[in-house]
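Colleague: generate a structure from the sequence data that follows.
(2 chains)
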Protein chains: 2
Amino acid sequence: MSYKAPVAQIDFILNHVVPFRDVAATDRFAEATPETATAILDEAGKLCTNVLAPLNRAGDETPARLENGVVRSSPGFADGFRAIAEGGWVGVSADPEFGGMGLPQALNMAVAEMMSGANLALQLNPLLTQGQIEALEHHASDEIKALYLPRLISGDWSGTMNLTEPGAGSDVGALVTKAEPAGDGTYRVTGQKIYITWGDSDVTANVCHLVLARLPGAPKGTRGISLFMVPKFIPDDAGEPGVANSLKVVSLEHKLGIHGSPTCVMSFEGATGWLVGAENKGMAAMFTMMNCARLGVGMQGVGVAEAALQQAVAYAHDRNQMGPIIQHPDVRRMLGTARAEIFAARAIGLACATAIDMERASGDADHAARAAFLTPIAKAYGTDVGIRVADLGVQVHGGMGYVEETGAAQYLRDVRITSIYEGTNGIQAMDLVGRKLSDGGEAAMRLLDEVLDGAKSAQSAHPQLANDLWQAAETLREATQSLLERDLTERFAGAVPYLTAFARVLGGHYHLRAAMAGGAAQQALARVFMARVLPHNAGALAEALAGLDDLTGISDAALAGDFAA
Amino acid sequence: MSYKAPVAQIDFILNHVVPFRDVAATDRFAEATPETATAILDEAGKLCTNVLAPLNRAGDETPARLENGVVRSSPGFADGFRAIAEGGWVGVSADPEFGGMGLPQALNMAVAEMMSGANLALQLNPLLTQGQIEALEHHASDEIKALYLPRLISGDWSGTMNLTEPGAGSDVGALVTKAEPAGDGTYRVTGQKIYITWGDSDVTANVCHLVLARLPGAPKGTRGISLFMVPKFIPDDAGEPGVANSLKVVSLEHKLGIHGSPTCVMSFEGATGWLVGAENKGMAAMFTMMNCARLGVGMQGVGVAEAALQQAVAYAHDRNQMGPIIQHPDVRRMLGTARAEIFAARAIGLACATAIDMERASGDADHAARAAFLTPIAKAYGTDVGIRVADLGVQVHGGMGYVEETGAAQYLRDVRITSIYEGTNGIQAMDLVGRKLSDGGEAAMRLLDEVLDGAKSAQSAHPQLANDLWQAAETLREATQSLLERDLTERFAGAVPYLTAFARVLGGHYHLRAAMAGGAAQQALARVFMARVLPHNAGALAEALAGLDDLTGISDAALAGDFAA
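Modeller: Just a heads-up that it's a prediction; the model follows:
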């Protein structure tokens, strides 16, 4: 395994495929020139290739562990995190007033992809910390900002998100953790939280928990949830970690992968917390955290896919079975399709990031709608591609892929979580066909118009590619219309294949742009995508429009295998 | 986790979906009446549900280990194997002359499926032993048969297949292990073999290795390979395990899954072996072993899929997030599709087994061609479904699926090997479009004619199902014609999606038969299959016919991510 950060591939997409130049043309992001972007990517790439990737196996083989109530991180992870922090990579997009670089999310997400490809378990720490920074920037009081933001952005402290409880996963509104006013402006937070990523560690001096909880008498469901900052050590007057708060790590989960990332069961036992944002408005702050994290998780999928594919290509190049197996048509099919899907997922993620940047720079509602529409697609498709490519990576290795020493299986085990956390991919798809189509399909249609325009302008240069894409976009437009006429429950039954189909059309769109701007290699890759990936939309859209009757026609007993009942 | 052997589901398929009654109508298998079949399935089902399944977690958590050169099996596995042996389940289809039950492969494979669902790691031992029994029955001398067969069939001894070497995986012809005549009718076998499943253990008194090796001066490649019986302990005059042979287990692999199955690196150091079959004809014997094992591996996929789905349904039934999640359309889509695909894969596997039985009972070439055609489909589709359903099982569990304690992840880790061993699924697909279409498509077309006839006779009772299947079969027929006009290299580039498409049409065929014979539940399930699985053939066949030019148009450097080269 020797991961090489894909700097040139990302650079090409920012310069030629997604409207990153529009971002650099705004006042807010005027510093993000192509030269700056390249320099940033180069520097982050070196860190990922040279420092973070070499720690990846150790994280798997020596998981984080709980010793006397304190989490000990995997070998080298403290140094790795320190290198991330010292490079300023936690705060790529954070407010310069508090020490951040203030650069676009497009660059932050590019860096996130590379860090994930190098070391997913470790990258989760800055990813979650960034989510917390976003939430505080948008919702916290000036006092909390002044105290926490500089320390989080510098990487001296890290941040967590405490949402899930044993009875409240996808249904966040079911949570029961309580927060009671202490009378001095603080609150006493009591409850159990599960699946808390990097809920404790020895890589930072303090761990800051953002905890969703209910105030006394709060309304039921999601309307009665508030957000609290609950630090592991309560900052003293100098802002240094002071007395220990009343919280502890109960246990760590034994997981399929990301062993280097401690997943904690947390117990808050009257812990001191500070309200972030307004009472009962915690869900809004949570969505700020989660939207950033969702796109970030999509980029995690892309990152691991890149790493897994690099390794599979290297193996296929070296492995001889009647000639190098990279020459075998079936192996080449797997590798080529994987490369084409990675490009598509990466471009979608970076397009989503540029939409976020444009929204922030301009306040324009269209950019906001674009960002909102692309986020679930970037998350779900990016992670689907991550899992699919890591799985192909195992397959290309043959028996060696099933043996842990090659590391191919680790990529699959690690990336498998990404379609589950930060909202399962099913939740993403329901968000897409529900909330994100609730504008009557306006954002979707605007996007499809762009795809069709792109196909039109590519018609003379690349007629076959353009026609394939045009057809696929038209079919998707019709399916979208049909979906809009259905009720939510029926839409939900087809949500996942619909999201996939939309992602593939977008992927085709960006491939076509790459074919226009790039050389023979990009054109060949676009051909692979149009010939081997896009045609699967026929099945996906048939499934998306299959309705619900067949599913409700099967009893629970039959699902379990009992057809006599 | 509480796996319940799917006796009734299998019984239904044998009685109503595949031509098992034709098997029972032959002289050779006259004993295999429906009543006998049901009794056999019931008895095996109890063993699987009550004895083997409860050992499955222990095999994962306490892997087999190497101690002082001897493999110690996982807790309870010796007892589990003993129960399999005492029930006579190693010899379900073996020759009664040597203690076997002489029953059809259809029943043997049904039992194999259930044992795999209960405990894949343990089931590998009887599966491999059965492959060895088959090879000896067909190729060994009377002396070897008399000595080994009774002991293998009784489960006193177990058998292994020693094919792979570090430089010879899919390319078996590259192997270099030597066998030199000792002058006394025996041979001295020297070489290293890898990935030897159950290469040693403490669950049987002897371990019998069938080893592929080269005689001095043998032709290069697969034409110079001979097969040798190399027992761990050389049988004494009474047929008891005697002196230790010159072979040893060098190490065990640390694998992604099937931890309870010891995967050995074996070293043969002038070990005493006996030739099985003729000199340089080892490949024929190997194919006898492998064909049986290939179908068996397909059934492993089905078995694990069944187990994973049962657990996912139980979890979805109990888990409340705004109502039981089994009622959520997206979860129901996953579970329903999985149930429909399991039915299809199981029916294909049992259809393949009945074809093998008919071939053996009648010697008819059409049955032989049918069995040969279905074997790679049963292996690849069965294992693809196994992996896909185990993966869905993890997804349905949400965060709990990523935590090892639920066992959902174990199913995924365990079953992941099945698309790799006994010939990767890519190899299966190449076998299908190469060797199995080398009759000019006769076997394929005969099968498709049957599918079309079935659709015709179902037309009045189930018009929509019948039409969907008819269309899909016609499209597949055209694609098959088109494939037949291409050279092998081009076929290979589309082999995997072509195999999948063929499997889905067969799945539709068996679903339609089930809908005709069964009740509302089977009809609803057939509807799910036609609406959500079969439509994906459009994409698969487009991919199958996409040719090779796009893949050869991408450089190796671009596959690795370097587009500038």
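
Colleague: wait, doesn't A:Ala140 sit right on A:Tyr148?
Modeller: Yes - counting by CB atoms under 8 Å, A:Ala140 touches A:Tyr148, with 7.4 Å between them. Any C-beta I mention is one placed from the backbone N, CA and C, and that applies to glycine too.

Colleague: could you find the closest non-adjacent residue to A:Ala546?
Modeller: Spatially, and ignoring its direct neighbours in sequence, A:Ala546 is nearest to B:Ala531 (4.3 Å; CB to CB, 6 or more residues apart in numbering or on different chains).

Colleague: what sits in contact with each of A:Ala140 and A:Tyr148?
Modeller: Counting by CB atoms under 8 Å, 6 or more residues apart in numbering or on different chains, the shared contacts of A:Ala140 and A:Tyr148 are A:Met229.

Colleague: contact residues of the stretch 101-250 of chain A facing chain B?
Modeller: Contacts of the stretch 101-250 of chain A with chain B, taken as CB under 8 Å from any CB of the partner chain, map to A:164, A:167, A:169-171, A:174, A:194-195.

Colleague: out of the residues you listed, which is most surrounded?
Modeller: Ranked by neighbour count (other CB atoms under 10 Å in any protein chain shown), those have A:Tyr195 at the top, with 26 neighbours.

Colleague: give me the next element, helix or strand, following the helix or strand that one falls within.
Modeller: Secondary structure from DSSP states H and E places A:Tyr195 in strand A:187-197. Remark: after strand A:187-197, the chain's next helix or strand is strand A:206-213, criterion DSSP H and E.

Colleague: thinking again about what came up before, inside strands: which ones of the residues of the stretch 101-250 of chain A next to chain B?
Modeller: Counting by DSSP state E, these place A:194-195 in strands.

Colleague: any idea which of the residues of the stretch 101-250 of chain A next to chain B is least confident?
Modeller: Among those, A:Ser170 carries the weakest pLDDT, at 82.

Colleague: skipping adjacent residues, who's closest to it in space?
Modeller: Using CB to CB, 6+ apart, the nearest residue to A:Ser170 is B:Gln321, at 4.8 Å.

Colleague: in this structure the one you found contacts A:Pro166, no?
Modeller: No - here B:Gln321 does not reach A:Pro166: they are 11.7 Å apart, not a contact under CB under 8 Å.

Colleague: give me the more crowded residue out of those two.
Modeller: Using other CB under 10 Å as the criterion, B:Gln321 and A:Pro166 rank with B:Gln321 on top: 17 against 14.

Colleague: per-residue pLDDT, that one?
Modeller: 88.

Colleague: kindly report the same for A:Ala565.
Modeller: Here, the pLDDT recorded for A:Ala565 equals 68.

Colleague: check A:Ala284 too.
Modeller: 88.

Colleague: that one: how many residues sit nearby?
Modeller: Under the neighbour criterion other CB under 10 Å, A:Ala284 is assigned a count of 15.

Colleague: quick one, what contacts it?
Modeller: By CB under 8 Å, 6+ apart, the contact set of A:Ala284 is A:139, A:277.

Colleague: show me what secondary structure element comes after the host helix or strand of it.
Modeller: Take DSSP H and E as the rule and A:Ala284 turns out to sit in helix A:282-318. Going down the chain from helix A:282-318, the next helix or strand is helix A:329-362, by DSSP H and E.

Colleague: quick one: is that next one near chain B?
Modeller: Yes - using CB under 8 Å from any CB, helix A:329-362 reaches chain B at A:329-336, A:339.

Colleague: with neighbour count and pLDDT as added columns, please give these in a markdown table.
Modeller: Converted to a markdown table, the residues of helix A:329-362 next to chain B look like this (neighbours: other CB atoms under 10 Å in any protein chain shown; pLDDT from 0 to 100):
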| residue | neighbour count | pLDDT |
| --- | --- | --- |
| A:Pro329 | 22 | 97 |
| A:Asp330 | 22 | 97 |
| A:Val331 | 26 | 98 |
| A:Arg332 | 23 | 98 |
| A:Arg333 | 25 | 98 |
| A:Met334 | 23 | 98 |
| A:Leu335 | 28 | 98 |
| A:Gly336 | 25 | 98 |
| A:Arg339 | 27 | 98 |
